[in-house]
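Peer 1: What follows is a predicted structure for the sequence shown.
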Amino acid sequence: PGFELRLPRALLAAINEHLDTTVAVPVDIGAILVEQTSAARLMMTIAQILKHVDGTHPVRFLIAETETGYTLLAALWLARHYGIADRVEITPLFETASALEQGIRVLDDALRNPHWRQYLKRIGRLTVQFGYSDSGRYVGQLAASFWIERLRLRITELMVQNDLTGVELAIFDTHGESIGRVRDVVI
């Protein structure tokens with residue numbers, strides 16, 4: 001609590017430069033097999049799914065334990081690099097105590113970037129996921145519910161501040177093995 005993770009502006013400026021100059025490259029199964037990084041492999045796999053299985057709907061790319069805006073911008077770079085930025089919904093997951101506390105800074109750092117704002121306007125939606133069960137396990141259900149609600153309200157304020165009022169906000173709440181799941185049970 002009270003710890004703030006702020007990325008150096010130089011790092012955010014560097015990813016912005018890369019986003020300025022990204023060129024899409026073709027992807028094939030062989031490239032996926034030799035790729036060493038899991039994030040790139042996943043994004044390449046999504047490109048293949050959109051190409052060969054179903055390209056009619058966007059794919060949600062969930063990023064677990066999102067704790068910096070740089071992570072969202074790097075995912076956007078990967079999506080652009082593999083030519084699928086308009087067909088993937090980059091979705092941060094906030095569930096740890098740190099992520100819930102810092103979530104607004106994560107989104108603020110991403111929203112300060114013109115590429116991220118343009119991306120959201122182009123796809124028309126910001127998707128965010130909250131992990132109630134894991135949050136409850138980390139900080140307790142009551143505290144987690146408070147932090148999640150606080151973050152929801154701040155996200156809407158940030159969207160207005162960044163001229164994203166025409167962009168849909170889709171919030172997904174997950175419920176796992178905790179008491180928070182009880183409301184989903186019908187007896």
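Peer 2: Noted; the coordinates are in hand.
Peer 1: is it true that residue 172 lies in a strand?
Peer 2: Yes: with DSSP: H, G, I helix; E, B strand; the rest coil as the criterion, residue 172 is assigned to a strand.
Peer 1: what about it, how many neighbours?
Peer 2: Residue 172 has 13 neighbours, counted by other CB atoms under 10 Å. (C-beta placed from N, C-alpha, C; glycine too.)
Peer 1: Not counting sequence-adjacent ones, nearest residue to it?
Peer 2: residue 129 (4.2 Å; CB to CB, 6 or more residues apart in numbering).
Peer 1: Assumed that neighbour was part of a helix.
Peer 2: No: using three-state DSSP, the assignment for residue 129 is strand, not a helix.
Peer 1: Unless I'm misreading it, it sits right up against residue 90, doesn't it?
Peer 2: No: if you go by CB atoms under 8 Å, residue 129 and residue 90 don't touch, sitting 11.3 Å apart.
Peer 1: Tell me which of these two has more neighbours.
Peer 2: Neighbours per residue (other CB under 10 Å) separate residue 129 from residue 90, with residue 90 holding more: 26 against 19.
Peer 1: what pairs with the more buried one across the strands?
Peer 2: Assessed by DSSP bridges, residue 90 has beta-bridge partners residue 61.
Peer 1: I'd assumed residue 63 was in contact with it.
Peer 2: Yes: with contact defined as CB under 8 Å, residue 90 and residue 63 form a contacting pair (6.9 Å).
Peer 1: what touches both of those two?
Peer 2: Contact criterion CB atoms under 8 Å, 6 or more residues apart in numbering; residues shared by residue 90 and residue 63: 72, 75.
Peer 1: Residues in contact with stretch 161-173: which ones?
Peer 2: By CB under 8 Å, 6+ apart, the list of residues contacting stretch 161-173 reads 91, 111, 117, 120-121, 124-130, 132, 148, 152, 155-156, 159.
Peer 1: Quick one: mean pLDDT over that stretch.
Peer 2: Taken as a whole, stretch 161-173 has an average pLDDT of 91.
Peer 1: Compute the first-to-last residue distance for that stretch.
Peer 2: 24 Å (CA to CA, to the nearest Å).
Peer 1: Tell me where the protein has helices.
Peer 2: 9-20, 29-34, 38-52, 69-81, 97-111, 114-123, 132-139, 141-161 (DSSP state H).
Peer 1: what comes into contact with the second one?
Peer 2: I take that to be helix 29-34. By CB under 8 Å, 6+ apart, the list of residues contacting helix 29-34 reads 41, 44, 45, 48.
Peer 1: Report the contact partners of the third one.
Peer 2: Same thing as residue 45. residue 32 are the contacts of residue 45 under CB under 8 Å, 6+ apart.
Peer 1: Could you check the pLDDT of it?
Peer 2: In this model, residue 45 carries a pLDDT of 95.
Peer 1: same question, the first one
Peer 2: At residue 41, the predicted lDDT confidence score is 95.
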